[in-house]
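Asks: structure for this input, please:
(chains A and B)
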Protein chains: 2
Amino acid sequence: MSYLCVGLDISAESLGSSSLMDLKDHAKQVVDNTRDLAAAYKPNFAFFERWGSKGFQWLEEIVDYIGTGPIIIADAKRGDIGNTAEQYAKSIFDHFGFDAVTLSPYLGQDSVEPFLDRTEKGVFILCRTSNPSGSQFQDHQDDGKALYEKVAIWANGINAKDNVGLVVGATAPEELTRIRKIAPDLSMLIPGVGAQGGDLEHSVRVGNQTGVGIINVSRGICFAGDHSGSAIRNAAESYVAQMKILFDG
Amino acid sequence: MSYLCVGLDISAESLGSSSLMDLKDHAKQVVDNTRDLAAAYKPNFAFFERWGSKGFQWLEEIVDYIGTGPIIIADAKRGDIGNTAEQYAKSIFDHFGFDAVTLSPYLGQDSVEPFLDRTEKGVFILCRTSNPSGSQFQDHQDDGKALYEKVAIWANGINAKDNVGLVVGATAPEELTRIRKIAPDLSMLIPGVGAQGGDLEHSVRVGNQTGVGIINVSRGICFAGDHSGSAIRNAAESYVAQMKILFDG
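Replies: Residues are numbered from 1 along each chain as shown, chains lettered A, B, ... in the order given. Coordinates of the predicted model:
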């Protein structure tokens, strides 16, 4: 079993081409070269939305191209009032056919319910994010608990149907340890390894201590080396090998 | 001057038809009947995304159809790490050509910077939302301050280029008053009037006390009465008239 999630953040800037055909070909090349290595793929909506309706057509195509087998996670970070969340759930689960989605917790319970109701699908709620200003509000203390801890406690409590997970950045190792204690069984999606410099060893060990922790790498695989198929494959193989040693050892 | 923002939340469920042609026609009918009454339009991305690439094509069309004149606000509630936020900014401002966007604050400063850099565009940061569980995390207390107050203080501090506003629900009148004191000059986008039952009088008075407060109505206009052009126009006229009396009186 692999713990690798390949994040599809295919930008014109990284590829050095703003031809949608080149971007599509590159995305396929990433999938072709990682198909047997990836437990999951995580298309990042922003990189598709950027091209409007043509970008969404590309997103429809790439979800089809990945096909059944790996988990396909919509990195959409949606968070809106109930009747709007209902529409996002229809978009992500019914229209595009994703298996799981990332959600933002700022609007609380009723913003995630339409997604939770789909028991055959999964949600990953943003808990402690990997970006430099992730701590700005997420570390906000109330009654001796940081906001991200309250989010973890809440997520743990709404997991009755076993379809709730958390997003925890590899760049925040102490918080990751604390969150794993609060929510021992929840699946974790751990971004921030690779271009963002997160701690791979700690993430694999702590993320998989008691539950499953999937490690996401986006730019570190999609734009490895000279961007060729073999550079992509080498990078993905190297991540999988490092994770195996860590996990088995 | 009008303080009315017409929210475009055109759902199949409310219209009673899932024909995209019917939905498009209805959206145009809403615009046709409110053009001289609305200061702003706020297409809600979820209702377009639900239909995938065809829905985004519809979004491209409706932005064009509204044209220049009213402010067009992308109700997208995006919030992601810096390099992803950069792509969302390109999508919303460059590709679709919106004038402003709604953003979620959970990821902090670097998640809003790519939007703030566009000084000719505006951002509305979610502060205290209109939904029933809006208080769940937004009221989280730190050092005598609720999270939503910290968000308001922060937003006030990053308004150097006069392009920052706040989203504050009409369903939370006490918080609205407190936020107006914290951020006297910031523009406010105030949803929750109409179907959500928010307090129109309080929202208009307090929202416009020292800065501008735009009142958003979505379902209460788009699906007023029998959904006909005249029912839509009557509802919009009634809202504008109520706001004028309140504001002038």
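Asks: flag the shaky bits of chain A, pLDDT-wise.
Replies: Low-confidence segments of chain A (pLDDT under 70): A:1, A:249.
Asks: and the residue lying farthest from the centre of it, its phi and psi?
Replies: Relative to the centre of chain A, the most outlying C-alpha is that of residue A:143, 30.0 Å out, by C-alpha atoms, centre = their mean. The phi/psi pair for residue A:143 (degrees, to the nearest 10) reads phi 60, psi 40.
Asks: with adjacent residues omitted, what lies nearest to it?
Replies: In space, residue A:143 comes closest to residue B:141 once its chain neighbours are excluded; the distance is 7.6 Å by C-beta to C-beta, 6 or more residues apart in numbering or on different chains. C-beta here means a position set from N, CA and C on the backbone, and glycine is covered the same way.
Asks: neighbours around the one you found, how many?
Replies: Look at residue B:141: counted by other C-beta atoms under 10 Å in any protein chain shown, it has 13 neighbours.
Asks: the helices in chain A, which residues?
Replies: A:12-15, A:20-32, A:45-49, A:52-66, A:82-89, A:109-116, A:135-138, A:147-157, A:173-182, A:200-207, A:219-222, A:229-248 (DSSP state H).
Asks: output the fifth one as CSV, nothing but the C-alphas.
Replies: This file holds the C-alpha atoms of helix A:82-89, laid out as CSV (Å, rounded to 0.1, in the frame of the first residue of the first chain):
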residue,chain,number,x,y,z
GLY,A,82,-26.2,25.2,3.9
ASN,A,83,-28.2,25.7,0.7
THR,A,84,-25.0,26.7,-1.2
ALA,A,85,-23.0,23.8,0.3
GLU,A,86,-25.7,21.6,-1.1
GLN,A,87,-24.9,22.8,-4.6
TYR,A,88,-21.2,22.4,-4.1
ALA,A,89,-21.8,18.8,-3.0
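Asks: winner for burial among the helices of chain A?
Replies: helix A:45-49 (a mean of 27; mean count of other C-beta atoms under 10 Å in any protein chain shown).
Asks: returning to that earlier point: redo the helices of chain A as a markdown table? Include distance to residue A:76.
Replies: Output for these, formatted as a markdown table (distance: least, C-beta to C-beta, whole Å):
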| stretch | distance to residue A:76 |
| --- | --- |
| helix A:12-15 | 20 |
| helix A:20-32 | 17 |
| helix A:45-49 | 5 |
| helix A:52-66 | 10 |
| helix A:82-89 | 7 |
| helix A:109-116 | 10 |
| helix A:135-138 | 19 |
| helix A:147-157 | 17 |
| helix A:173-182 | 21 |
| helix A:200-207 | 22 |
| helix A:219-222 | 18 |
| helix A:229-248 | 24 |
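Asks: right, and the ones you listed - which one's nearest residue B:137?
Replies: helix A:147-157 (6.5 Å; C-beta to C-beta).
Asks: and the closest one, what does it pack against?
Replies: On a contact count with 3 or more C-beta pairs under 8 Å, 6 or more residues apart in numbering or on different chains; DSSP states H and E, helix A:147-157 meets strand A:122-128, helix A:135-138, strand A:164-168, helix A:173-182, helix B:135-138.
Asks: got the angle between that helix and helix B:147-157?
Replies: 140 degrees (axes from the mean of the first three to the mean of the last three C-alpha atoms, to 10 degrees).
Asks: what angle sits between helix A:147-157 and strand A:122-128?
Replies: 160 degrees.
Asks: can you list contacts of helix A:147-157?
Replies: A:105, A:109, A:125-128, A:137-142, A:145, A:164-166, A:175, A:178-179, A:182-183, A:185-186, B:136-137, B:140, B:147 (C-beta atoms under 8 Å, 6 or more residues apart in numbering or on different chains).
Asks: any idea how far it is from the middle of the chain?
Replies: Remark: helix A:147-157 is offset 18 Å from the chain centroid, using C-alpha atoms, centre = their mean, to the nearest Å.
Asks: hmm, back to that, show me what the residue nearest to residue A:143 is bridged to.
Replies: residue B:146 (DSSP bridges).
Asks: measure it to residue B:46 for me?
Replies: Here residue B:141 is placed at a distance of 31 Å from residue B:46 (C-beta to C-beta, to the nearest Å).
Asks: and what of residue A:42?
Replies: Distance, residue A:42 to residue B:46, by C-beta to C-beta: 20 Å.
Asks: same check on residue A:202?
Replies: Distance, residue A:202 to residue B:46, by C-beta to C-beta: 36 Å.
Asks: cool, residue A:51 as well?
Replies: When C-beta to C-beta is the yardstick, residue A:51 and residue B:46 sit 19 Å from each other.
Asks: got it, and residue A:245?
Replies: Relative to residue B:46, residue A:245 is positioned 43 Å away (C-beta to C-beta).
Asks: same check on residue A:105?
Replies: Residue A:105 is 17 Å from residue B:46, by C-beta to C-beta.
Asks: and if you look at residue A:171?
Replies: The gap separating residue A:171 from residue B:46 is 30 Å, by C-beta to C-beta.
Asks: ditto for residue A:104
Replies: Computed with C-beta to C-beta, the distance linking residue A:104 and residue B:46 is 13 Å.
Asks: find residues that contact each of those two.
Replies: residue A:78.
Asks: and the closest residue to residue A:37 other than its chain neighbours, what is it in contact with?
Replies: Spatial nearest neighbour of residue A:37, excluding adjacent residues (C-beta to C-beta, 6+ apart): residue A:236 at 4.7 Å. Applying C-beta under 8 Å, 6+ apart to residue A:236 gives the contacts A:4, A:6, A:33, A:34, A:37, A:38, A:217, A:221.
Asks: try 10 Å
Replies: Contacts for residue A:236 (C-beta atoms under 10 Å, 6 or more residues apart in numbering or on different chains) come out as A:2, A:4, A:6, A:30, A:33-38, A:217, A:220-222, A:224.
Asks: which among the residues you listed count as buried?
Replies: A:2, A:4, A:6, A:30, A:33-34, A:37-38, A:217, A:220-222, A:224 (16 or more other C-beta atoms under 10 Å in any protein chain shown).
Asks: of the residues you listed, closest to residue A:74?
Replies: residue A:6 (14.2 Å).
Asks: correct me, but that closest one touches residue A:39?
Replies: Yes: using C-beta atoms under 10 Å, residue A:6 is in contact with residue A:39, at 9.1 Å.
Asks: now do the shared contacts for those two.
Replies: Listed as contacting both residue A:6 and residue A:39 by C-beta under 10 Å, 6+ apart are residue A:70.
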